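Q: below: sequence and its predicted model.
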Amino acid sequence: MDAKICAALLSQVRETRPLVHHITNTVTINDCANITICAGAAPVMAEAAEESAEMVAAAGVLVLNIGTLNPAQVESMLLAGKRANELGVPVVLDPVGAGATALRTDAVLRILKEVKVAVLKGNAGEIGVLAGAGGKVRGVDSCGLAGDPVETAKACALATGTVVAMTDETDVVTDGERVVLVKNGHAMMDRLSGTGCMASSVVGSFVAVADDPLVGAAAALAAFGRAGEQAAAGARGPYSFRTALFDELYALTPEDLEEEARLEVV
Ligand SMILES: Nc1ncnc2c1ncn2[C@@H]1O[C@H](COP(=O)(O)OP(=O)(O)O)[C@@H](O)[C@H]1O
Ligand SMILES: Cc1ncsc1CCOP(=O)(O)O
Ligand SMILES: [Mg+2]
C-alpha cells in the first residue's frame, strides 16, 4: 500500500464513475451526494424498503449510514445489504452515534450480524464502543478512546470481521492484521458537521473500484484528507472551508495525491 495506489484508484474512480447507493441521514445527505460527485463517482440516495434491494443491483457499492435512523430505515438497510451480499456489491457502514443510544448500538450490531460489511467507518468513540474497548460518544461526537487507537481498531476489526476505518487526526485502517495509518487531513475537518459522513461516501467511491477494501478505504481517506489540507489554506471559517473542501476534492489530481498522500504501513 503506497501513494501510487492511491493515485491509481483516484483515476479509476474518475474513469469508471461507480454508482454509490446511499441509505443515509437527513442532516448530511446533500453533502454526501455532492462529495461523491467531487470524488468522481455518482451518488443515488434510495431508502424506501420497496426499492432499496432493487437499486443496489445497479450499484458499485452500498453505503449505510445510521445518522438519523428509524426502525423502517434499518429494515430497508438490511434488505439492501443482504441483496448486495448476494450480488457481490461491497457494503460500507457508518455507525454514526453508536454508543450514544441503545437504538443506534443495537442497529449496528444487527446489521453487522445479518450483512457482510466490507468496511466499518467510524470515529474513534464509535469504533471504541463497538470494540468493547471503552469508547465514548456524545450525540454523534467522539469523546475519545480509553486505550491505544491501533489496538482498538484491530480489536474491532477482529470482533466484527470487517475492515475498520477509524477516523481522527490520524486515521487507522485495519483488517485486524494489516494496519495503514493515514496522516492527511486538517483540524478544520472537525469543525464541521458531515465530514465523517462525507468520508464514508468517499470511502464507498474508492471501495467500489478497489480489489481490496483496506486499500480502497485508506486511499479514500488520504484523498479526502488531502482535499481538507488544501481547503484549509484559504478558508476563513467552517463554512468557507466546506465550500473549498468540495472544490479541492474535485480538483485533486492523481499526481498531487501521489506526492502528498501520507501513509504509514505498520
Ligand atoms: N484533527 C484532525 N486533523 C486532521 N483530520 C481530521 C481531524 N479530525 C477529523 N479529521 C478528518 O475528518 C474526517 C472525519 O473524521 P471524524 O471527525 O473523526 O469523523 P466524525 O465526523 O464522524 O466524528 C476524516 O477524514 C478525518 O481524517
Ligand atoms: C449532527 C447529526 N445528527 C445526526 S446525524 C448528524 C450528522 C453527523 O455527521 P458527521 O458525523 O459526519 O459529522
Ligand atoms: Mg467530524
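A: That came through, no problem. Ligands and ions are numbered 1, 2, ... in the order given.

Q: going forward, measure contacts between C-alpha atoms and count neighbours the same way
A: Fine.

Q: now residue 110: how far from ligand 2?
A: Residue 110 is 19 Å from ligand 2, where distance means CA to the nearest ligand atom, to the nearest Å.

Q: what sits up against the one helix or strand that residue maps to?
A: Assigned by DSSP states H and E, residue 110 belongs to helix 102-114. Helix 102-114 is contacted from outside by 66, 69, 74, 77-78, 82, 95-99, 130, 160, using CA atoms under 8 Å, 6 or more residues apart in numbering.

Q: now do stretch 146-164: everything it contacts.
A: 112, 116-122, 124, 127-128, 130-135, 165-166, 172-177, 179, 213-214.

Q: 7 Å instead?
A: With contact meaning CA atoms under 7 Å, 6 or more residues apart in numbering, stretch 146-164 is reached by 112, 117-121, 127-128, 130-131, 133-135, 166, 172-176, 213-214.

Q: circling back to that earlier point, can I get the contacts of helix 102-114 in TSV including neighbour count?
A: As requested, the contacts of helix 102-114 are exported to TSV (neighbours: other CA atoms under 10 Å):
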residue	neighbour count
66	24
69	18
74	22
77	30
78	22
82	21
95	26
96	30
97	27
98	33
99	25
130	25
160	20
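
Q: please list which of those residues also come close to ligand 2.
A: residue 96 (CA under 6 Å from any ligand atom).

Q: pLDDT at residue 79, what is it?
A: If you check residue 79, the pLDDT there is 98.

Q: ok, now which ones touch it?
A: Applying CA under 7 Å, 6+ apart, the residues contacting residue 79 are 52-53.

Q: could you do residue 63 as well?
A: Listed by CA under 7 Å, 6+ apart, the contact set of residue 63 reads 21-23, 91-93, 201, 204.

Q: check which helix or strand covers the residue of the chain positioned farthest from its centre.
A: Within the chain, the residue lying farthest from the chain centre (CA atoms, centre = their mean) is residue 236, at 26.4 Å. Using DSSP H and E, residue 236 sits within no helix or strand.

Q: contact partners for it?
A: Per CA under 7 Å, 6+ apart, neighbours of residue 236: none.

Q: what confidence value was assigned to it?
A: Per the predicted model, pLDDT is 95 at residue 236.

Q: kindly report the same for residue 137.
A: 89.

Q: stretch 221-230 close to ligand 2?
A: No. Using CA under 6 Å from any ligand atom, we find that stretch 221-230 stays clear of ligand 2, coming within 12.9 Å at best.

Q: okay, that stretch in CSV with CA atoms only?
A: The C-alpha trace of stretch 221-230 is given here as CSV (Å, rounded to 0.1, in the frame of the first residue of the first chain):
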residue,chain,number,x,y,z
LEU,A,221,-9.2,8.8,3.4
ALA,A,222,-5.8,10.1,2.0
ALA,A,223,-7.6,11.8,-0.9
PHE,A,224,-10.3,13.3,1.4
GLY,A,225,-7.7,14.4,3.9
ARG,A,226,-5.6,15.9,1.2
ALA,A,227,-8.6,17.9,-0.1
GLY,A,228,-9.1,19.1,3.5
GLU,A,229,-5.5,20.3,3.7
GLN,A,230,-5.8,22.3,0.5
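
Q: the helices in this protein, which residues?
A: Applying DSSP state H to the chain gives helices spanning 3-16, 29-39, 52-56, 71-87, 102-114, 124-131, 149-160, 195-207, 213-233, 238-251, 254-260.

Q: out of those helices, which one sits most buried?
A: Among the helices of the chain, ranked by average contacts under mean count of other CA atoms under 10 Å, first place goes to helix 195-207 (a mean of 30).
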